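Q: using only what follows, build the 3D model:
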Amino acid sequence: MEVRTHDDPAEWLEAVLPLLMLDEARHNLHLGLAHTLVHHPSVYPSKHLWSVEDAGTVVGAALQTPPHNVVLAQPAAEGANDLLADAIGSAGIRLPGVVGGLPEAEAFASAEAFASVWCGRTGEPVRRVMGQGIYALTAVSGLPAAAGTPRTATTDDLELVAGWIQDFQDEVVPEALRGDPGQHRRRLESLLVSDEEGIWLWEAEGQVVSLSGFGGPTPNGIRIGPVYTPLGLRGRGYATTLVAELSRRQLAGGRRFCFLHTDLANPTSNAIYVRIGYRRVCDSVVLAFEAA
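A: Sure, this is the predicted structure:
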């Protein structure tokens, strides 16, 4: 096996797509990030892309958009992630952490395996930041609707949406995962003018009361999130109705799946998504490397 470094996101995606499509739901983050790198390159000016090949077949993949964590694909050969950790370390690249799936078998495929090799090289201690559930939806359950109507956010809503997403980050996103505010701003600006990604708002009695994003399209699906309702407006079903309606329209528009990433430490939000029709397909873990 050998590790290849890629400069062109489109070329990397073409090389690793067969591996990622072995489990589209598990790899929806990888596929969505690749879409952004290819179609909106200004969002992430810096990127690192790797593949692992064995006899001409890609058996491992990873990408990083600094300062974010490296994102690992589930490898198709034992030792692929070990090779990635060695190659990235040898290149002198500083990683703040790793995001990867937690398969039920093949311990070599876990983010912990990569972290063990990485920390063995660097001497950095590793800290578990978050356990995540990856959910997929193919049909929306019938639920009572909250009062109000949805609408698409436009550039006129930029400051409102930016403020709410910052509130969402402050409230629920661990500091190790917040990343670069400039990147978040560029990403939001691209969402508000995109034809296939965006932000939806829920309005009730003439007031915007909730938001949900959708982006990171995959060949057959799209990721839903972030989802946010200001504290004083919660408990009225706005976000539940918005996510259900947004998911329904994505499916009606030709998507086979909608995906969600959740914090497994928040049972309330996980239960709400299950009521909408989302089903937990796998788990992932976020690990941070602490500088020695």
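
Q: against which helices or strands is the helix or strand of the chain with the lowest mean pLDDT packed?
A: Ranked by mean pLDDT, DSSP states H and E, the weakest helix or strand in the chain is helix 111-122, scoring a mean of 81. On a contact count with 3 or more C-beta pairs under 8 Å, 6 or more residues apart in numbering; DSSP states H and E, helix 111-122 meets helix 80-90, strand 97-101, strand 126-137, strand 279-289. For glycine as for every other residue, the C-beta is placed from the backbone atoms N, C-alpha and C.

Q: buried deepest among those, which one?
A: Mean neighbour count, computed with mean count of other C-beta atoms under 10 Å, is highest for strand 97-101 among the helices and strands packed on helix 111-122, reaching a mean of 24.

Q: average pLDDT for that one, rounded please.
A: Strand 97-101 carries an average pLDDT of 88.

Q: so what strands line up beside that strand?
A: Partner strands and pairing direction for strand 97-101 (DSSP bridges) are strand 70-72 (parallel), strand 279-289 (antiparallel).

Q: I'd like these as CSV, with distance to residue 54 and mean pLDDT appended.
A: Below are these laid out as CSV (distance: least, C-beta to C-beta, whole Å; pLDDT from 0 to 100):
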stretch, distance to residue 54, mean pLDDT
strand 70-72, 16, 93
strand 279-289, 24, 91
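
Q: got those strands as JSON lines, with distance to residue 227 columns?
A: Listed next are the strands paired with strand 97-101 as JSON lines, based on distance: least, C-beta to C-beta, whole Å:
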{"stretch": "strand 70-72", "distance to residue 227": "21"}
{"stretch": "strand 279-289", "distance to residue 227": "16"}
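
Q: for those strands, which one sits closest to residue 246?
A: Across the strands paired with strand 97-101, residue 246 has its closest neighbour in strand 279-289 (17.3 Å, C-beta to C-beta).
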